[in-house]
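Colleague: Quick one: sequence plus predicted model below, questions after.
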Protein chains: 2
Amino acid sequence: MAEPRTRPKRATIFDVAAEAGVSRGTVSRVLNGEPYVSQSAREAIEAAIEKVGYVRNTAARNLATQSSGAVALIVHEPHSVFVEDPNIGAILLGTNAALSEADYQLVSLIIDTDRDTERVVSYLGGGFVDGAIVVSAREDDPIADALQRLRIPTVLVGRPDTAPELPSVSIDNRTSARQITERLVATGRRRIGMIAAALDRDSGRDRLAGFRDALGDRFDATLVVDVPLYSFHAGQEGMRALLDRAPDINGVFAASDAIAAGAVDVLRADGRRIPDDVGVVGFDDSAWALRCQPALSTVRQPADRLGARAAELVLDEIRTGERRSGVVLLPTEVVWRDSA
Amino acid sequence: MAEPRTRPKRATIFDVAAEAGVSRGTVSRVLNGEPYVSQSAREAIEAAIEKVGYVRNTAARNLATQSSGAVALIVHEPHSVFVEDPNIGAILLGTNAALSEADYQLVSLIIDTDRDTERVVSYLGGGFVDGAIVVSAREDDPIADALQRLRIPTVLVGRPDTAPELPSVSIDNRTSARQITERLVATGRRRIGMIAAALDRDSGRDRLAGFRDALGDRFDATLVVDVPLYSFHAGQEGMRALLDRAPDINGVFAASDAIAAGAVDVLRADGRRIPDDVGVVGFDDSAWALRCQPALSTVRQPADRLGARAAELVLDEIRTGERRSGVVLLPTEVVWRDSA
DNA sequence: TTCTATTCTGTGAGCGCTCACAGATCCTTC
DNA sequence: GAAGGATCTGTGAGCGCTCACAGAATAGAA
């Protein structure tokens, strides 16, 4: 932290009061939109604020109200994913918008290593934030646990089974996956495989479950490969494995667009035409989807709205003190393009 | 902002003083690492801090020191770029790391619309941050101007010509562009074109200048096309235009990897082999580079170090009160792969 | 021993704000 | 025309910390 610095003195609530010819209390009242202020006083104060160029000092306010005016967005992903994953950026943007609307400050905390976990937990214990949003929590996430212990209003993005007490906002991965797979079925594909990923998260598991739902009796576990990451490379590897097991495969559901792009790459290298020989569908509607040749059919998830909704829920709990547990599911949209 | 909330009472500096049998002043001294504290007092206080679980209240400290303990990272890009551009995420991460090391809080502000500009300027005027880092400032950027007026310590990432008084950290775009183009020349290409972008920023202009440097007399202005964005689509369009103008082209320098990927796409669709018929090089060493077929030769820029260095400079100015203007150039690295 | 430097410690004031309370003013209503 | 309620306003205390100052303790030199 810094040595104190001298900056041009800012006007305080005192200056405003003097200028308007009223007391601090009255100024504070109009600042906070409280009732019981006369019209004339209100106008005088507003004019005075304008005149002296007053802006509120957050530190003082936070000290007096015993709150921080900040909400943490905790992203539990390695740096590489943080940089690459389009959804995370969109969630961040959505959260930021909703929070600043309500005059709250977003503080983003990125957890990469175990050391970060510790640091973040102690930061959270410091009362620096009034609430928290956790993105991509794992099962038994120590952060979620800590947040619960500290009784900090928290909302999860995604829906980990481990912390059902915590409210969360998510998309219906299962139904979405079922819908897009069904369309694959409807176009006459009979040998349909899936490249699944992140089975340690609910999102990954639910996409697999939806795939299974759509196939019903025809589901064949040997046509499911599990890759470690939502990445292009993982998609390539997954597709090669699938091709090994079932050379006659004619439909593929990839757990993300990046994976689908990898799969498309391998399929074309293998001389197969898309969608004629093999239909491929993805998930996310990220930039990958349009970048593929042909453009990918996929599921669009409203990542920014996910972030915004989470922020609203946290704000609500901060204000009312009441936790509304439960899962908020935001609608997705299946986008049909040319890959299937 | 919130109604006050009751949270379990936290220990204050008072509790620590009582526990250790000393006064507040002495506790404050050890907290701030000041001299003139006896060994015994220091030990007693440290034990007391541990025992009562004390953590410092930032709001109170900020109020007393008249500083905020926060540094803003201002990103002047449309949301889409923010989400897509790998460099921005890396800069953010680097800044965050350097700042939290020094116990400062990163506050990221994203400017998308003109309304955002206004809001951010007033936010900045509110004394919420002790310093600022501006990413992708434009020429005549109103934010940079405001920051100067408010006399807030500021460092630019990138090197806009308009605010030479402000210190900045950047890469040497011109030399890097020259180096990678020279290699294109060295492999025997004679008809070399460039897909340039963002010529309203120094980065874009410098890359073009470096290209020109490398070609010397052989530079042919008709082989330079200018595209509006650092994107895949822009790359496709740019390449088509280049092909129209010079069907015999055999070397292409793209101003970014995304553009290069678009160019590669068009070239292959046109039946040209890479690197045999046409050599292609990019810039950034982003995820695009490895994703291309064949993998792209490109310039790696240390985006995270850019962010970290900017943070260090801001911190330094905050602490000393002295502005070190001038440009810090971080080294880049040309990465040779298979596309040229 | 006495005097001066040096090291250490406690105290009061104040940062800018909010909150609770007490008091003032105004309007109803009987 | 007085009582009672609603509406409005000012004041004091306090949030947790830092800073400047004054005073205490210790050490070293004369």
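Modeller: Thanks, I have it.
Colleague: Not counting its neighbours along the chain, what's nearest the residue nearest the centre of chain A?
Modeller: Centroid check for chain A by Cα atoms, centre = their mean gives A:Ile91 as the closest residue, at 3.9 Å. Excluding its sequence neighbours, the residue lying closest to A:Ile91 (Cβ to Cβ, 6 or more residues apart in numbering or on different chains) is A:Gly307, at 3.8 Å. Where you see a C-beta, it was placed from the backbone N, CA and C, and this is true even at glycine.
Colleague: Give the buried residues for stretch A:18-26.
Modeller: Buried residues in stretch A:18-26, defined by neighbour count with 16 or more other Cβ atoms under 10 Å in any protein chain shown: A:18-20, A:22, A:26.
Colleague: and the gap between the residue nearest to A:Gly127 when sequence neighbours are not counted and DNA strand D?
Modeller: By the measure of Cβ to Cβ, 6+ apart, the closest residue to A:Gly127 outside its immediate chain neighbours is B:Arg10, 6.0 Å from it. According to Cβ to the nearest atom of the strand, to the nearest Å, B:Arg10 stands 6 Å off from DNA strand D.
Colleague: residues near B:Arg10, how many?
Modeller: Using other Cβ atoms under 10 Å in any protein chain shown, B:Arg10 has 16 neighbouring residues.
Colleague: A helix includes the residue nearest to A:Ile91, no?
Modeller: Yes - membership of A:Gly307 in a helix is supported by DSSP: H, G, I helix; E, B strand; the rest coil.
Colleague: give the contact list for the residue of chain A found nearest DNA strand D.
Modeller: Per Cβ to the nearest atom of the strand, A:Gly25 is where chain A lies closest to DNA strand D, at 2.9 Å. Neighbour list for A:Gly25: empty [criterion: Cβ atoms under 8 Å, 6 or more residues apart in numbering or on different chains].
Colleague: Convert the strand or helix carrying it to PDB, retaining C-alpha atoms only.
Modeller: Taking DSSP states H and E as the criterion, A:Gly25 maps to helix A:24-31. Provided in PDB are the C-alpha atoms of helix A:24-31 (Å, rounded to 0.1, in the frame of the first residue of the first chain):
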ATOM      1  CA  ARG A  24     -24.700  17.400   7.200                       C
ATOM      2  CA  GLY A  25     -27.500  15.100   8.100                       C
ATOM      3  CA  THR A  26     -29.800  16.600   5.600                       C
ATOM      4  CA  VAL A  27     -27.200  16.400   2.900                       C
ATOM      5  CA  SER A  28     -26.600  12.700   3.800                       C
ATOM      6  CA  ARG A  29     -30.400  12.200   3.500                       C
ATOM      7  CA  VAL A  30     -30.600  13.400   0.000                       C
ATOM      8  CA  LEU A  31     -27.500  11.600  -1.000                       C
END
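Colleague: can you give me the mean pLDDT across it?
Modeller: Taken as a whole, helix A:24-31 has an average pLDDT of 92.
Colleague: Next one, pLDDT for the residue of the stretch 151-300 of chain A found nearest DNA strand C please.
Modeller: In the stretch 151-300 of chain A, no residue comes nearer to DNA strand C than A:Pro153, which is 17.5 Å away by Cβ to the nearest atom of the strand. Each residue has a pLDDT score; the one for A:Pro153 is 92.
Colleague: With A:Ala2 instead?
Modeller: On pLDDT, A:Ala2 comes in at 38.
Colleague: is any part of the helix holding A:Gly25 close to DNA strand C?
Modeller: Yes - applying Cβ under 7 Å from any atom of the strand, one finds helix A:24-31 touching DNA strand C at A:24-25, A:28, A:31.
Colleague: Can you point out the buried residues in stretch A:269-279?
Modeller: Across stretch A:269-279, burial judged by 16+ other Cβ under 10 Å covers A:272, A:274-275, A:278-279.
Colleague: and that stretch, how far from the chain's centre?
Modeller: Distance of stretch A:269-279 from its chain centroid, counting by Cα atoms, centre = their mean, to the nearest Å, is 34 Å.
Colleague: Just give me the neighbour total for A:Asn55.
Modeller: Just so we're on the same page, residue A:55 is Val rather than Asn. 15.
Colleague: Isn't the residue of the stretch 151-300 of chain A closest to DNA strand C up against A:Val129?
Modeller: No - taking Cβ atoms under 8 Å as the definition, A:Pro153 is not a contact partner of A:Val129, at 9.4 Å.
Colleague: interface residues of the stretch 1-150 of chain A facing DNA strand D?
Modeller: Residues of the stretch 1-150 of chain A lying close to DNA strand D by Cβ under 7 Å from any atom of the strand are A:3-4, A:21-26, A:29, A:35-41, A:60, A:63-64, A:66.
Colleague: Pull up the gap between the residue nearest to the centre of chain A and B:Thr12, please.
Modeller: 36 Å (Cβ to Cβ, to the nearest Å).
Colleague: residues contacting A:Met239?
Modeller: Listed by Cβ under 8 Å, 6+ apart, the contact set of A:Met239 reads A:195, A:252, A:262-263, A:265-267.
Colleague: host element of it?
Modeller: Secondary structure from DSSP H and E places A:Met239 in helix A:232-245.
Colleague: Spell out which strands sit alongside the helix or strand following that helix in the sheet and which way each one runs.
Modeller: Next helix or strand after helix A:232-245 toward the C-terminus (DSSP H and E): strand A:251-254. Applying DSSP bridges to the sheet, strand A:251-254 is found paired with strand A:192-197 (parallel), strand A:279-281 (parallel).
Colleague: what mean pLDDT does the longest one have?
Modeller: Same thing as strand A:192-197. For strand A:192-197, the per-residue pLDDT averages 96.
Colleague: Just the mean pLDDT for the helix or strand following it, thanks.
Modeller: Sequence order places helix A:202-215 as the next helix or strand after strand A:192-197, per DSSP H and E. Mean per-residue pLDDT for helix A:202-215: 93.
Colleague: when you compare where helix A:202-215 runs with where strand A:192-197 runs, what's the angle?
Modeller: Helix A:202-215 and strand A:192-197 are oriented at 170 degrees to each other (axes from the mean of the first three to the mean of the last three Cα atoms, to 10 degrees).
Colleague: related to what we said a few turns ago, find the helix or strand that the residue nearest to the centre of chain A is a member of.
Modeller: Under the criterion of DSSP H and E, A:Ile91 resides in helix A:86-101.
Colleague: What residues sit buried inside that helix?
Modeller: Buried residues in helix A:86-101, defined by neighbour count with 16+ other Cβ under 10 Å: A:86-100.
Colleague: Residues in contact with it: which ones?
Modeller: A:71, A:73, A:75, A:77, A:81-82, A:105-106, A:108, A:133, A:135-136, A:157, A:284, A:286-287, A:301, A:303-312, A:315, B:79, B:82-84, B:89, B:108, B:110, B:119.
Colleague: please redo it, this time with the cut-off set to 7 Å
Modeller: The contact list for helix A:86-101 (Cβ atoms under 7 Å, 6 or more residues apart in numbering or on different chains) reads A:71, A:73, A:75, A:77, A:82, A:106, A:108, A:133, A:135, A:157, A:284, A:286-287, A:301, A:303-308, A:310-312, B:79, B:82-83, B:110.
Colleague: Among the residues you listed, name the ones in strands.
Modeller: Residues of the contacts of helix A:86-101 located in strands (DSSP state E): A:71, A:73, A:75, A:106, A:108, A:133, A:135, A:157, B:110.
Colleague: Surely the fifth one touches A:Ala70?
Modeller: No - in this structure, A:Ser108 sits apart from A:Ala70 without contact. The criterion is Cβ atoms under 7 Å, and the distance is 10.6 Å.
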